[in-house]
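J.: Prediction below, plus the sequence it came from.
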Amino acid sequence: MKKNIFLAASLLFSMSTQAQIFDIIKSAVKDKTGVDLNAPVKNNGTATSTKTTTTTSGSNNSSANLGNLTSTQISSGLKEALSMGVTDGVKKLAVTDGFFKNEAVKILMPEKLRKIDTTLRSIGMGSLADEGVKLLNRAAEDAVTEAAPIFTNAITSMTITDAKNILLGSNNAATSYLQGKTQTQLFNAFQPKVKASLGKVGADTLWKNLISKYNTFTGQAVTTDLNEYVTTETINGVFKMVADKESGIRNTPAMRTTSILQKVFGAQDGK
């Protein structure tokens, strides 16, 4: 009996001592770090839940902004931006020096014929080579107006789904869409026009003369399809101008000169 009482007393004393030691440790931790070990532990699930809610809310900003726009507004805004790009681009290119003095779209000597350029300059016929390049650009300037109705057709046929995807796409998403829809049509429409323009400005005659002189001087037989080359380069120039306009409207609020452009691309700013 006495033995049991002694054991119980020892156990109580031991537990009491441990409790005192824990109290001392907790007090020391609080003094050193400011952390109160007696404070209730926060529920990790609640913290995680709050964080997730905040993140989700932030990621929906784009949807919320676009949610204020109707499908018709989105479609109208994209069509207007593309129409402006095409109109401005064609207008700037379809004038004297529109291609020739615009380094971004200037048509250079065809790669296959660059050795002709070098050879002609080496024998003092650089001015003839320069004239040849100028006339290629003149043909493009004359032919480029063929692009407008083809582009208009593609823009008119844009669907609501196309418009939404384009709005949230890259800086040249609209131009890429237009390119995919019109590339073949443009080439087929441009080829006869470019051929006529090459003849109209005298480029075909001059180039036959250039190539003939080169072949006589070198004993070679160089040929190239100038019509295909100028057609391709003219189309590339138009798309370059449209892409520049699209990027400007997307990234520069001052270029959004109509209310629909301001509304649609203002919503796009938050994506």
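T.: Structure received.
J.: where does the stretch 1-150 of the chain dip in pLDDT?
T.: For the stretch 1-150 of the chain, applying pLDDT under 70 flags the ranges 1-67.
J.: quick one: the helices in it?
T.: 2-33, 44-59, 61-67, 71-93, 114-122, 126-143, 147-156 (DSSP state H, counting those that start in this stretch).
J.: Who are the packing partners of the fifth one?
T.: It refers to helix 114-122. Secondary-structure packing of helix 114-122 (3 or more C-beta pairs under 8 Å, 6 or more residues apart in numbering; DSSP states H and E): helix 126-143, helix 203-218. The C-beta positions use only the backbone N, C-alpha and C, and glycine is treated the same way.
J.: residue contacts, the closest residue in space to Lys79 that isn't next to it in sequence?
T.: Nearest residue to Lys79, sequence neighbours excluded (C-beta to C-beta, 6 or more residues apart in numbering): Ile155, at 5.3 Å. Contacts for Ile155 were tallied using C-beta atoms under 8 Å, 6 or more residues apart in numbering; they are Lys79, Leu82, Ser83, Val86, Leu178.
J.: which one of those sits closest to Gly202?
T.: Lowest distance from Gly202 to the contacts of Ile155 (C-beta to C-beta) belongs to Val86, with 29.0 Å.
J.: Let's see the pLDDT reported for the residue positioned nearest the centre of the chain.
T.: The centroid of the chain falls nearest to Asn171 when counting by C-alpha atoms, centre = their mean (2.8 Å). On the pLDDT scale, Asn171 is placed at 87.
J.: Was I right to think it contacts Ile249?
T.: No. The pair Asn171 / Ile249 is not scored as a contact, 9.8 Å apart, by C-beta atoms under 8 Å.
J.: contacting residues for the residue nearest to Leu128 when sequence neighbours are not counted?
T.: Excluding the flanking residues, the one nearest Leu128 by C-beta to C-beta, 6+ apart is Leu120, at 6.0 Å. Neighbour list for Leu120: Gly126, Leu128, Ala129, Leu210, Lys213, Tyr214 [criterion: C-beta under 8 Å, 6+ apart].
J.: and the nearest residue to the fourth one once chain neighbours are set aside, how many residues sit next to it?
T.: Excluding its sequence neighbours, the residue lying closest to Leu210 (C-beta to C-beta, 6+ apart) is Gly132, at 5.2 Å. Applying other C-beta atoms under 10 Å, we find 22 other residues in the vicinity of Gly132.
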